[in-house]
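Colleague: Mind looking at a prediction? Sequence and model below.
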Amino acid sequence: MKNQRNKKTWPDFRFNAEEIAGAVGDYGTLIPIVLGVAIVSNINLGYIMLFFSIWYIITGIYYKMPVPVEPMKAIGALVIAGGMSSGEIAASGIIVGILFFALGLFKGMKFIQEKVPQSVIRGIQLGLALLLIKTSINFIVGDYILAIICISIIVLFLMANKFGKIPDVSSICVLLIGIIVGFSLYGIPRIRMISMPDIIIPILQDFLRGGWLLAIPQIPLTIANAILATALLMQDLVHRDVDPDKLSVTIGLMNLTSVPFGGFPMCHGAGGLAAQYRFGARTGGSNIISGLILLPIALFFASPEFVAIIPFGVFGALLVFVAIELGKHSIKTDSYLITGIIAILALVINMTVAFIVGMIFAYIWTKMGRRPKGV
């Protein structure tokens, strides 16, 4: 029997300073990825931010807990690294949306959990980290002075967190610096309200490329990190049980209702949950606050003109730390060989080939008597 005496019961909703601090805890991943996507693709940042705002609020009300809403990191990293069309991105979101809605609806997460070795997941994480590092270097080279300043600010926030409970709003500070620099160089863009989104209808070629290049690499990462690890961490932190199949259903719904209208593929995430909790989030109120913060940004301040004025050095600095956060978990592997092979193939070929080859190597490794652990 579990000992309940040391477990504090939290209300469903709080709206205080701690919840506000927790509300911005996950922005460090959200902001650089969606801004990077907006730069290299033809997706409107306003629509991306709008659907993040909506789903933060919905998940807060539905789960009554701090459940993160994050961009799908594999898709984000691959779009930033290679550039993809809005049709291909929408197609990948529709594919993963249908898959995870069906998996959750028919209770399929446990079966999948047992089939994907841990070393394969860690290899995908490391490969994504390397791709983000490569992209960040390209951003930094052309604007290294501002990038160094921004990196220093982020490091100072990390150091400050070791000595006190200070919300890590470094990404917000760095972004504000970029906006100020952009204003000084190019002037203040005209503030305008977001227009009604157009429906994106992917063609067959979009589904083929989006599925092969984006959806397939994302699927194992979503299963491992966004669903199974998030459910486990929820028990550890807020002492509430969340059915992994329920998380799978909401991931499916988020994507099916967002990406056809210009949203970006979304999921949950254990890293985001840890960040929210670390800075004070304990209830669904944190999610609601987070959504309300993003809403005016989406409606008035996410035009292409605003994105264009932000120097590339800012994105380079932010992506470095996104890559580090993603890559540091890859060392928790049971086979450095398989993880390393996948990471290298992801960097030099693509993530889909890396995943397929990694699965083959993992099961050969198992037949040789070396059994990689499941996720």
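Modeller: The structure has been received and is ready for your questions.

Colleague: ok, how many other residues are close to Asn42?
Modeller: 13 (other C-beta atoms under 10 Å). Bear in mind the C-beta positions are built from the backbone N, C-alpha and C, glycine included.

Colleague: how many neighbours does Thr283 have?
Modeller: When counting by other C-beta under 10 Å, one arrives at 23 neighbours for Thr283.

Colleague: Need the per-residue pLDDT for it.
Modeller: At Thr283 the predicted local distance difference test score is 93.

Colleague: Ok, Ile166 next?
Modeller: Here the pLDDT value assigned to Ile166 is 66.

Colleague: Enumerate the positions of the host helix or strand of Ser290 that are buried.
Modeller: Under DSSP states H and E, the secondary-structure element containing Ser290 is helix 284-300. Buried residues in helix 284-300, counting neighbours by 16 or more other C-beta atoms under 10 Å, are found at 284-291, 293-295, 297-299.

Colleague: Now do Leu105 against Ser152, distance only.
Modeller: 48 Å (C-beta to C-beta, to the nearest Å).

Colleague: What is the burial count for Val141?
Modeller: 12.

Colleague: any idea how far it lies from Ala317?
Modeller: Remark: distance between Val141 and Ala317 (C-beta to C-beta) = 12 Å.

Colleague: what about the helices in the stretch 1-150 of the chain?
Modeller: According to DSSP state H, counting those that start in this stretch, the stretch 1-150 of the chain carries its helices in the segments 17-23, 27-40, 45-63, 73-82, 86-105, 109-113, 118-141, 144-161.

Colleague: Check which residues of the shortest one are buried.
Modeller: When neighbours are counted by 16+ other C-beta under 10 Å, the buried residues of helix 109-113 are found to be Met109, Ile112.

Colleague: same deal with the third one?
Modeller: Buried residues in helix 45-63, counting neighbours by 16+ other C-beta under 10 Å, are found at 45-60, 63.

Colleague: what do you get for the fourth one?
Modeller: Neighbour counts over helix 73-82 (16+ other C-beta under 10 Å) mark Lys73, Ala74, Ile75, Gly76, Ala77, Leu78, Val79, Ile80, Ala81 as buried.

Colleague: contacting residues around it?
Modeller: For helix 73-82, contacts defined as C-beta atoms under 8 Å, 6 or more residues apart in numbering pick out 29, 33-34, 36-37, 39-41, 84, 89, 92-93, 124, 128, 131-132, 134-135, 213-215, 217-218, 221, 264-265, 269, 319, 326, 350-351.

Colleague: Helix 118-141 and that helix, what's the angle between them?
Modeller: Calculated by axes from the mean of the first three to the mean of the last three C-alpha atoms, to 10 degrees, helix 73-82 forms an angle of 40 degrees with helix 118-141.

Colleague: and the angle from helix 73-82 to helix 86-105?
Modeller: Computed by the same axes, to 10 degrees, the angle separating helix 73-82 from helix 86-105 equals 170 degrees.

Colleague: May I have helix 73-82 as CSV, with CA atoms only?
Modeller: Included here for helix 73-82 are C-alpha records, laid out as CSV according to Å, rounded to 0.1, in the frame of the first residue of the first chain:
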residue,chain,number,x,y,z
LYS,A,73,10.2,18.1,-31.1
ALA,A,74,11.1,15.6,-33.9
ILE,A,75,8.9,17.4,-36.4
GLY,A,76,10.1,20.8,-35.2
ALA,A,77,13.8,19.9,-35.4
LEU,A,78,13.4,18.4,-38.9
VAL,A,79,11.4,21.3,-40.2
ILE,A,80,14.0,23.8,-38.8
ALA,A,81,16.8,21.8,-40.2
GLY,A,82,15.4,21.1,-43.6
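
Colleague: What average pLDDT does it get?
Modeller: Averaged over helix 73-82, pLDDT sits at 86.

Colleague: Now do that helix: distance to the chain's middle.
Modeller: Between the mean C-alpha point of helix 73-82 and the mean C-alpha point of its chain there is a distance of 11 Å (C-alpha atoms, centre = their mean, to the nearest Å).

Colleague: Tell me how far stretch 208-223 lies from the chain's centre.
Modeller: Stretch 208-223 sits 14 Å away from the centroid of its parent chain (C-alpha atoms, centre = their mean).

Colleague: So which of the helices of the stretch 1-150 of the chain is the most surrounded?
Modeller: Using mean count of other C-beta atoms under 10 Å, the stretch among these with the largest mean neighbour count is helix 73-82, at a mean of 26.

Colleague: Taking helix 27-40 as reference, get the angle to that helix.
Modeller: Taking the same axes, to 10 degrees, helix 73-82 and helix 27-40 form an angle of 40 degrees between their directions.

Colleague: That's all I had, so thanks and see you.
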